[in-house]
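Q: attaching a predicted model along with its sequence, questions to come.
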Amino acid sequence: MEQQIIALLSNNLPLVLIAAFIVIVVVKGVRIVPQSEKFVVERFGRLHAVLGPGINFIVPFLDNVAHKVSILERQLPNASQDAITKDNVLVQIDTSVFYRILEPEKTVYRIRDVDGAIATTVAGIVRAEIGKMDLDEVQSNRSSLIGQIQHSVESAVDDWGIEVTRAEILDVNLDQATRDAMLQQLNAERARRAQVTEAEGQKRAVELNADAELYAAEQIAKARRIQAEAEAYATQVVAKAISEHGIEAAQYQVALKQVEALNALGAGEGKQTVIVPAQALEAFGDAFKMLKGFSK
């Protein structure tokens, strides 16, 4: 049996060799690239092509997959670097950077340690940007600072085929002496604001009191004006009556007032004695005569 198999192989050796060669060619010529990777293909040691996800074909024995590069987003280890602000305050900045490789052919042939290069670049840019700002600006404009850092990092790593997707400032740390000084400044600012608030309250109270006094004065003046207008109107009525009815109308008004005064004296409470001069009695008599005449 074995001799028959050997004889069969020896008779069909060329076909066997051809079949084996075809299998090897298929195995070495077909490359299936995962969705999260890209393959860098070299031919005779030089860059030939970059294979994307899916089925790809290369020339066996001539082409070689030299690098398999992941295109997933990566995160650099959190880093801390010291920086000095514009107002000479030493701060410690904790940063985190996310990036991904877009052009593997640039990354593998232009930079050896991608993570180290990006971390060094970020540290230098952070120190430069912090040096342009005061401490208060660093703490209050953190989003603007992050945007500037990300833009500068993107420009610096563009030749490496890398995209910086996010750059974050995790924390801004100060030494204890600076913290104590800032706390004192904060307390002083709070005290100043309290004093300003109290002064504004007192000012507002004075303004309200002045407005109340002004309103009261306006109302008094308004009442006096109305009273004066009423008196003027009464005077006009009397003047009109005199002009229409002559002196008799004026005498009638005087007599009426005298009678009203006598009635008021007689309407007093208790027992009293009213002494009236003779001239007053004559005047009252004249008044009663005049009233009687006008009533007719």
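A: Now that the structure is in, tell me what you want to look at.

Q: where does the stretch 51-200 of the chain dip in pLDDT?
A: For the stretch 51-200 of the chain, the stretches with pLDDT under 70 are 179, 182.

Q: strands of the stretch 101-250 of the chain, residue ranges please.
A: Taking DSSP state E, counting those that start in this stretch as the test, the strands found in the stretch 101-250 of the chain are 162-174.

Q: scan this structure for its longest helix.
A: helix 176-245 (DSSP state H).

Q: any idea how far that helix is from the chain center?
A: Mean C-alpha position of helix 176-245 versus that of the full chain (CA atoms, centre = their mean, to the nearest Å) differs by 36 Å.

Q: what do you get for stretch 106-114?
A: Distance of stretch 106-114 from its chain centroid, counting by CA atoms, centre = their mean, is 42 Å.

Q: that stretch spans what distance, first to last residue?
A: End-to-end distance for stretch 106-114, by CA to CA, to the nearest Å: 11 Å.

Q: shift numbering so it begins at 47
A: In the new numbering, first residue 47, that becomes stretch 152-160.

Q: buried sites along that stretch?
A: 152-154, 157, 160 (16 or more other CB atoms under 10 Å). For every residue, glycine as well, the C-beta is placed using N, CA and C.

Q: returning to what we had before: could you name the helices and strands sitting against the longest helix of the chain?
A: Helices and strands touching helix 222-291, by 3 or more CB pairs under 8 Å, 6 or more residues apart in numbering; DSSP states H and E, are helix 293-312.

Q: try 10 Å
A: Where contact means 3 or more CB pairs under 10 Å, 6 or more residues apart in numbering; DSSP states H and E, helix 222-291 is packed against strand 136-147, helix 181-186, strand 208-220, helix 293-312.

Q: excluding sequence neighbours, find me the nearest residue to Ala112.
A: In this structure, Ala112 finds its nearest non-sequential neighbour in Glu88, 4.3 Å apart by CB to CB, 6 or more residues apart in numbering.

Q: next one: whatever helix or strand that neighbour lives in to chain centre, how far?
A: Using DSSP states H and E, Glu88 sits within strand 83-89. Remark: strand 83-89 is offset 49 Å from the chain centroid, using CA atoms, centre = their mean.

Q: relative to strand 136-147, how tilted is it?
A: 70 degrees (axes from the mean of the first three to the mean of the last three CA atoms, to 10 degrees).

Q: by contact count, what packs against strand 83-89?
A: Short answer (3+ CB pairs under 10 Å, 6+ apart): strand 83-89 packs on strand 76-79, strand 92-97, strand 109-116, helix 150-156.

Q: so what's Glu183 up against?
A: 131-133, 176, 190-191 (CB atoms under 10 Å, 6 or more residues apart in numbering).
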